[in-house]
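Asks: Whatever this is, show me its structure:
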Amino acid sequence: MMQEEITYSLTHRIDQNLDKNLSIDEVAAKSGYSKWHLQRMFRIVTKQTLGGYIRERRLTLAAEALHQIQRPVFDIAMQYGYDSQQTFSHVFRRQFA
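Replies: You can find the predicted model right below:
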């Protein structure tokens with residue numbers, strides 16, 4: 001049960017900071033757990049990797065922004081932590097086919 005609570009708290013914190021540059025190392029440091037332990041625990045509870053969760057949430061929010069807001073794709077890509085529109089487009093297509 002404790003793993004679920006930790007994971008819920010972690011996902012909540014991640015969701016609140018998706019517009020910031022989040023790395024797995026930073027997330028682990030702020031959680032107080034080692035990177036390896038945190039990733040293992042996260043995968044047991046959610047059945048997905050921590051990096052995959054962060055990427056999926058960012059892409060979902062970016063997709064909503066693309067649909068609702070009249071802003072350039074480049075701006076939305078930068079907002080959600082992508083270095084270029086090309087990288088964002090590649091990852092976006094791979095995620096949503």
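
Asks: in the protein, which helix has the most residues?
Replies: helix 50-68 (DSSP state H).

Asks: which strands and helices sit next to that one?
Replies: In this structure, helix 50-68 makes packing contacts with helix 2-16, helix 24-31, helix 35-46, helix 73-79, helix 85-96, judged by 3 or more C-beta pairs under 8 Å, 6 or more residues apart in numbering; DSSP states H and E. For glycine as for every other residue, the C-beta is placed from the backbone atoms N, C-alpha and C.

Asks: and residue 50, how many neighbours?
Replies: Residues lying near residue 50 (other C-beta atoms under 10 Å) number 23.

Asks: ok, now which ones touch the nearest residue to it once chain neighbours are set aside?
Replies: Counting by C-beta to C-beta, 6 or more residues apart in numbering, residue 42 is the residue found nearest to residue 50 once chain neighbours are left out, at 4.6 Å. Residues in contact with residue 42 (C-beta atoms under 8 Å, 6 or more residues apart in numbering) are 7, 10, 48-50, 53.

Asks: now, which of those sits nearest residue 97?
Replies: residue 48 (17.7 Å; C-beta to C-beta).

Asks: could you point out where this structure is predicted with low confidence?
Replies: 1 (pLDDT under 70).

Asks: before we move on, back to that, okay, the contacts of residue 42 in JSON lines with distance to residue 83 next?
Replies: Formatted as JSON lines, these follow (distance: C-beta to C-beta, whole Å):
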{"residue": "7", "distance to residue 83": "28"}
{"residue": "10", "distance to residue 83": "25"}
{"residue": "48", "distance to residue 83": "23"}
{"residue": "49", "distance to residue 83": "21"}
{"residue": "50", "distance to residue 83": "20"}
{"residue": "53", "distance to residue 83": "20"}
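
Asks: rewinding a little: can you give me the angle the longest helix of the chain makes with helix 85-96?
Replies: 100 degrees (axes from the mean of the first three to the mean of the last three C-alpha atoms, to 10 degrees).

Asks: Before I go, just wanted to say thanks for your time.
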